[in-house]
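# Sequence and predicted structure below; questions after.
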Amino acid sequence: MEKSLKDQVALVTGASSGLGKSIAIYLARAGAKVAVNYHSDEEGAQDTVNIIKKEGGQAFAHQADVGDEEEVEEMFQKVFDTYDNFDILISNAGIQKDAPLDEMTLEDWELVIKTNLTGAFLCSRAAVRYFLKHGVVDGISKSAGKVIFMSSVHQEIPWAGHINYAAAKGGLTEFMRTLSQEVANKQIRVNSVAPGAIKTSINEDVWKDEEQVKELLKLIPYNRLGEPEDVSEVVLWLASDKSEYVNGTTIFVDGGMSLYPGFIGNG
């Protein structure tokens with residue numbers, strides 16, 4: 001893999017498993033030094049670090065709740081203290097607490113919003129403050145910094161029974177677009193990646209069940225489930241100078257799920 005991120009520093013939140021783990025490994029393979037954030041899965045985070053180090057990369061794990069202002073500030077300080085630099089934020093940490101609206105507790109509503117939306121605010125604010133201080137560094141990147149939010153097809157597609165999650169991802173869309181508009185003239189790039197149905201450990205019970213996969217594929221025109229690598233390749237491109245003129249947009253990695261495939265054949 002081309003070392004397109006050589007000498008750059010990346011923080012990936014929620015990198016102990018799933019997409020975050022895959023993205024952290026991909027960025028490291030491209031030459032980035034990686035901070036691996038986790039909330040509770042220390043073993044998973046350390047496994048991510050070990051994989052990166054085994055392949056010759058640099059990484060460390062750091063526990064922090066992305067929805068906690070003090071813990072986020074401490075995490076960014078640890079990144080600065082360790083690598084003396086910071087270039088890329090992958091705001092990936094997220095949770096689900098599913099229920100119909102009439103059964104959803106205020107606690108579960110607030111927890112999802114806190115992690116999935118407030119967490120994106122706190123982490124991107126800390127990142128942007130640093131990017132504004134150091135500006136563009138010659139020989140490192142054409143941009144002063146890159147922020148990539150992990151969104152979801154459900155920023156566009158309503159999802160009954162998951163109203164807190166869908167609301168957080170919908171809010172993240174305009175948060176990303178507005179932040180991009182606000183900081184683009186400082187050469188800070190802000191984008192989102194919106195995965196569809198991706199085979200990760202969190203939905204293993206679905207993709208290991210032939211009948212559930214058969215039903216799910218009715219929603220995916222490309223007729224296969226996504227792999228973590230499908231998403232990681234796009235994130236890597238967005239983090240590199242190859243996408244330098246891409247700003248304020250969402251790239252859907254969903255096999256066409258967001259095209260409302262129920263209308264295939266005229267509905």
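Arrived safely, thanks for sending.
# Partner strands of the lengthiest strand in the chain and their direction?
As assigned by DSSP state E, the longest strand anywhere in the chain is strand 188-195. If you go by DSSP bridges, strand 188-195 pairs up with strand 145-150 (parallel), strand 250-253 (parallel).
# now, of the ones you listed, which is deepest in the fold?
Each of the strands paired with strand 188-195 was given a mean neighbour count from mean count of other CB atoms under 10 Å, and the largest, a mean of 26, is that of strand 145-150. For every residue, glycine as well, the C-beta is placed using N, CA and C.
# where do the helices sit along the stretch 151-267 of the chain?
When secondary structure is read from DSSP state H, counting those that start in this stretch, the stretch 151-267 of the chain shows helices at 163-183, 204-207, 210-217, 228-239.
# what about the second one, average pLDDT?
Throughout helix 204-207, pLDDT has a mean value of 78.
# sorry, back to before: would you turn the strands paired with strand 188-195 into a markdown table with mean pLDDT and distance to Ile163?
Putting the strands paired with strand 188-195 into a markdown table (pLDDT from 0 to 100; distance: least, CB to CB, whole Å) gives the following:
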| stretch | mean pLDDT | distance to Ile163 |
| --- | --- | --- |
| strand 145-150 | 98 | 19 |
| strand 250-253 | 98 | 20 |
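# would you turn those into a markdown table with distance to Gly20?
Rendered in a markdown table, the data for the strands paired with strand 188-195 read as follows (distance: least, CB to CB, whole Å):
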| stretch | distance to Gly20 |
| --- | --- |
| strand 145-150 | 8 |
| strand 250-253 | 15 |
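# For stretch 76-89, buried residues please.
Phe76, Lys78, Val79, Tyr83, Phe86, Asp87, Ile88, Leu89 (16 or more other CB atoms under 10 Å).
# okay, how far is it across it, tip to tip?
Distance across stretch 76-89, first residue to last, is 10 Å (CA to CA, to the nearest Å).
# Let me know the pLDDT of the residue lying closest to Lys114 once chain neighbours are set aside.
Setting aside the residues directly before and after it, Lys114 is nearest to Gly67 in space (CB to CB, 6 or more residues apart in numbering), at 3.8 Å. At Gly67, the predicted lDDT confidence score is 98.
# so what's Gly67 up against?
Counting by CB atoms under 8 Å, 6 or more residues apart in numbering, Gly67 makes contact with Lys114, Thr115, Thr118, Gly119, Leu122.
# Quick one: classify the first one as helix, strand or coil.
Right, the one you point to is Lys114. When states are read from DSSP: H, G, I helix; E, B strand; the rest coil, the local structure at Lys114 comes out as helix.
# tally of neighbours for it?
By other CB atoms under 10 Å, 18 other residues sit near Lys114.
# ok, now the last one?
By the measure other CB under 10 Å, the count of residues near Leu122 is 24.
# next one: the second one
Per other CB under 10 Å, the neighbour tally for Thr115 reads 23.
# Confirm for me that it is in contact with Gly94.
Yes - the pair Thr115 / Gly94 is scored as a contact, 6.2 Å apart, by CB atoms under 8 Å.
# Counting by contacts, list what the lowest-mean-pLDDT helix or strand in the chain packs against.
Lowest mean confidence among the helices and strands of the chain (mean pLDDT, DSSP states H and E): helix 204-207, at a mean of 78. Contact partners of helix 204-207 among helices and strands, from 3 or more CB pairs under 8 Å, 6 or more residues apart in numbering; DSSP states H and E: helix 210-217.
# List the contacts of the helix it packs on.
Residues outside helix 210-217 that contact it (CB under 8 Å, 6+ apart) are Ala197, Asp205, Val206, Trp207, Asn223, Arg224, Leu225.
# before we move on, what about stretch 152-164?
Around stretch 152-164, the neighbours that count as contacts under CB under 8 Å, 6+ apart are 96-101, 104, 108-109, 112-113, 165-166, 169-170, 172-173, 192, 194-196, 250, 252, 254, 257-258, 260.
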